[in-house]
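[1] Predicted structure and sequence below. I'll ask about it afterward.
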Amino acid sequence: MSRPESRSATLPPDPSAEELADLVASTPPSGKRRPIGLLVAVATLGSLLFGYDTGVIAGALPYLYLPIAGGGLALTPLDEGLVGGCLAVGAAIGAIVGGRLADRHGRRHNILLLALIFIVGTVGSALAGNVLILSLFRVVLGFAVGGASSSVPMYLSESAPQRIRGPLVAVDQFMIVFGQLLAYSTNAMLSASRGGPQVQVASDPSGQFAAGSWIPWDLAGHIEGLVVAAGNGGVWRYMLVLGTLPAIALWIGMRLMPESSRWYAAKHRYYEAIGALKRIRDERRDDVGVEIQGMVEVQRVEGRQARWTLRQAWSTRWTRRVLVIGCFLGIFDQLTGINTAMYYLPKVLVAAGFSSADAITLNVVTGIASTIGAGIGIYLVGRLARRHVGIYQETGIVLALFSLALVFGFGIAPHIDASGAIAATVPAYLPWLVLALVTLFVFFKQSGTVNWVLVSEIFPARIRGTAQGVAVAAGWIMNAVVTFAFPVMIAYLGPAWTFACFGLFNVFALLFYLRIVPETKFVSLEQLEQDLQVRFS
């Protein structure tokens, strides 16, 4: 067999139908066949890491608040926003740079690189000795998270057959929330095994606790002048370092997968495109020749134009409008407030009246609801139009957020004393009602999440990686803003007005889906590109 490069070189960039048919017939698979389900399972380990590394911090934060002597890092509220926001900042950079690297070197190559960065960022975070070092490695970890949030859906979208493209890309979202559930579950098990965040008292000027006694940090943190001898704060390191295991599995698994055939086709490397496609297609159900012909047709049309850059895409009316829509899909996805639940749910539950230890454990409840919702979301994306799924999501979110605002404003707020603590007079059912509403919120969000599918589909092939990186980066920038602002909003506005603000944001998101977002489900990526050009020109 001749080398792929030499075979590609003999085929003109604009092959005739006969030349292409001959090449399809004569080209064998480029390696061992891989079921599309296996490819999805391996690639979405990157999404699982995305979920784990964003969700694990929720259980780690109560331990990070412990003093240095207690094994924590003595976090302040400002530090808390910094640690959370740094990952989002790194993710924004990773989405942009990762998109460019994916266009230049390939989707598979990029995911392999990201797996190594996941390992470095995770190990560095787990070994950090102070907030600054932790924040720096959270930026590194964020780079990998952002790159994965851009590259994995793109790899899935370009590899999946059209008939199941939506559900397969929706698996990406399922794996994100499953990764978060995995993080919450391991957090809860590790926390339960150590009795929650606790410290050993060295001295207590208030006289409440004897020297040498172990007490929950919820109590110790409010005693002025208390000296800590030791604590179990080091649990957070174990929570973080477990993220290396799926990262290693991702690196090994992606070495066994083919590169995206559409990336090869965009480079006019049709021999490799056919060989890669044959590795993951069921020839009894999928016509490789027709699929390759569609790719060639797109390259033929785009070949008559100058090579696109992001600046050129912005200067062209229809691609500029698609870029703006893609960016707002990412922005509105973060303005749902979903990551305030992912990062700060224990804080919300403590504000509702639960203890820190109970809040870490109850986080698993929302993780389960989130995972079930994501599973239902795969079904909804397969059965319904993309826009309809988004409309369903936003309607549910608006109702849940405004309900939370009402419960905090009229139910819990009257029972908060001058020091900010919840009085014993608060009705026992109200904290559980908050948990129920947050659970409904994450269920609506995850069962209706369609933005990753839309963002993976709407961009032109020749700038898909870069444009998707920009759209995902816009979402991550908004994530950083929300992550940093949420603790401040809770402190100064209170939970009621905070959730009311997010409810209002989602009213605008609902109008966005109703009036602006294009439908992408019913055509191939190549036909969709032509349709959007006609619609937005």
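    Nice, I can see it. Since we're looking at a predicted model, the values are computed, not measured. Numbering: from 1, shown residues only.

[2] what mean pLDDT does stretch 45-63 have?
    When pLDDT is averaged along stretch 45-63, the result is 89.

[3] again, but for stretch 195-211
    pLDDT averaged over stretch 195-211 gives 85.

[4] Identify all contacting residues around that stretch.
    Here stretch 195-211 makes contact (C-beta atoms under 8 Å, 6 or more residues apart in numbering) with 62-63, 65-67, 70, 72, 191, 212-218, 220, 223-233, 355-357, 360. Quick note: C-beta positions are derived from backbone N, CA and C, even for glycine.

[5] With stretch 248-256 instead?
    Contacts for stretch 248-256 (C-beta under 8 Å, 6+ apart): 32, 34, 41-43, 45-46, 49, 108, 111-112, 114-116, 118-119.

[6] Go through these and flag which are in helices.
    Using DSSP state H to define helices, the subset of the contacts of stretch 248-256 located there is 41-43, 45-46, 49, 108, 111-112, 114-116, 118-119.

[7] what about burial for the residues you listed, which qualify?
    Buried subset of those (neighbour count, 16 or more other C-beta atoms under 10 Å): 42-43, 45-46, 49, 108, 111-112, 114-115, 118-119.

[8] Considering these, which is situated nearest to Val140?
    Within those, distances to Val140 taken as C-beta to C-beta reach their minimum at Phe118, with 9.2 Å.

[9] how about the strands in the chain?
    Counting by DSSP state E, one finds strands in the chain at the ranges 198-203, 214-216, 227-231.

[10] so Ala229 touches Ala69, yeah?
    Yes. Ala229 lies in contact with Ala69 (C-beta atoms under 8 Å); the separation is 6.7 Å.

[11] Which residue is most remote from the mean position of this structure?
    Gly207 (47.1 Å; C-alpha atoms, centre = their mean).

[12] that older thread, would you turn the strands of the chain into CSV with mean neighbour count and distance to Glu272?
    Listed next are the strands of the chain as CSV, based on neighbours: other C-beta atoms under 10 Å; distance: least, C-beta to C-beta, whole Å:
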stretch, mean neighbour count, distance to Glu272
strand 198-203, 19, 58
strand 214-216, 17, 59
strand 227-231, 18, 56
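
[13] list the contacts for Tyr264?
    Tyr264 neighbours (C-beta under 8 Å, 6+ apart): 270, 272-273, 276.

[14] In helices, which of these fall?
    Per DSSP H, the subset of the contacts of Tyr264 in helices is 270, 272-273, 276.

[15] So which of the residues you listed wins on neighbours?
    Neighbour counts for the ones in helices among the contacts of Tyr264, by other C-beta atoms under 10 Å, peak at Ala273, which reaches 30 neighbours.

[16] looking at it, that residue is touching Met295, isn't it?
    Yes. Because the distance of 6.7 Å satisfies C-beta under 8 Å, Ala273 is recorded as touching Met295.

[17] Next, show the common contact partners of these two.
    Listed as contacting both Ala273 and Met295 by C-beta under 8 Å, 6+ apart are 261-262, 265.

[18] Mind checking which of those residues are buried?
    Buried residues within the shared contacts of Ala273 and Met295, counting neighbours by 16+ other C-beta under 10 Å: 261-262, 265.

[19] Out of those, list just those in helices.
    261-262, 265.

[20] Any chance of TSV for the residues you listed, columns distance to Gly289 and pLDDT?
    Listed next are those as TSV, based on distance: C-beta to C-beta, whole Å; pLDDT from 0 to 100:
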residue	distance to Gly289	pLDDT
Ser261	13	89
Arg262	15	87
Ala265	13	86
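
[21] Now flag whichever of those residues is closest to Ala341.
    Arg262 (35.0 Å).

[22] Contact partners for the closest one?
    Arg262 touches 158, 273, 295, 461, 525, counting by C-beta under 8 Å, 6+ apart.

[23] Go through the ones in helices among the contacts of Tyr264 and say which is closest to Val56.
    Nearest to Val56 among the ones in helices among the contacts of Tyr264, counting by C-beta to C-beta, is Ala276 at 34.4 Å.

[24] before we move on, the earlier item: so which of the ones in helices among the contacts of stretch 248-256 is the closest to Gly94?
    Distance to Gly94 across the ones in helices among the contacts of stretch 248-256 (C-beta to C-beta) is lowest for Leu114, with 7.8 Å.

[25] Okay, the closest one and Ala60: tell me how far apart.
    For Leu114, the distance to Ala60 equals 22 Å [C-beta to C-beta, to the nearest Å].

[26] Can you report phi and psi for Cys205?
    Small correction: residue 205 is Pro, not Cys. As for Pro205, its main-chain torsions (degrees, to the nearest 10) stand at phi -60, psi -20.

[27] Neighbours of it, how many?
    For Pro205, the count of nearby residues is 10 (other C-beta under 10 Å).

[28] how is the chain carved up into domains?
    According to automatic domain parsing, the chain comprises the domains 28-197+232-301+309-536, 198-231.

[29] Listing request: residues of the protein with sub-threshold pLDDT.
    Flagging of the chain using pLDDT under 70 yields the residue ranges 1-14, 222, 301-308, 417-425.

[30] For stretch 434-441, list every residue counted as buried.
    For stretch 434-441, by 16+ other C-beta under 10 Å, it's 434-441.

[31] For Gly337, give me phi and psi.
    Torsion angles at Gly337 (phi, psi; degrees, to the nearest 10) stand at phi 90, psi 10.

[32] Surely it and Leu401 touch.
    Yes. Here Gly337 lies in contact with Leu401, judged by C-beta under 8 Å, at a distance of 6.7 Å.

[33] Common neighbours of the two, please.
    The contact lists of Gly337 and Leu401 share 441, 499, 502, 506, where a contact means C-beta under 8 Å, 6+ apart.

[34] ok, the first one touching Val398?
    The reference is to Phe441. No. Here Phe441 lies out of contact with Val398, judged by C-beta under 8 Å, at a distance of 10.1 Å.

[35] Report how many residues lie close to Gln527.
    By other C-beta under 10 Å, the residues close to Gln527 number 14.

[36] Show the contacting residues for Pro518.
    By C-beta under 8 Å, 6+ apart, the contact set of Pro518 is 325, 387, 458, 532, 535.

[37] again, 10 Å this time
    321-322, 325, 386-387, 454, 457-458, 528, 531-532, 535-536 (C-beta atoms under 10 Å, 6 or more residues apart in numbering).

[38] cool, and His105?
    Residues in contact with His105 (C-beta under 10 Å, 6+ apart) are 112-113, 259, 263, 465.

[39] would you turn these into a markdown table with distance to Ile376?
    Below are the contacts of His105 laid out as a markdown table (distance: C-beta to C-beta, whole Å):
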| residue | distance to Ile376 |
| --- | --- |
| Leu112 | 32 |
| Leu113 | 33 |
| Glu259 | 32 |
| Trp263 | 32 |
| Gly465 | 30 |
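
[40] Closest one of the residues you listed to Asn479?
    Looking across the contacts of His105 and measuring by C-beta to C-beta, the closest to Asn479 is Gly465, at 20.4 Å.
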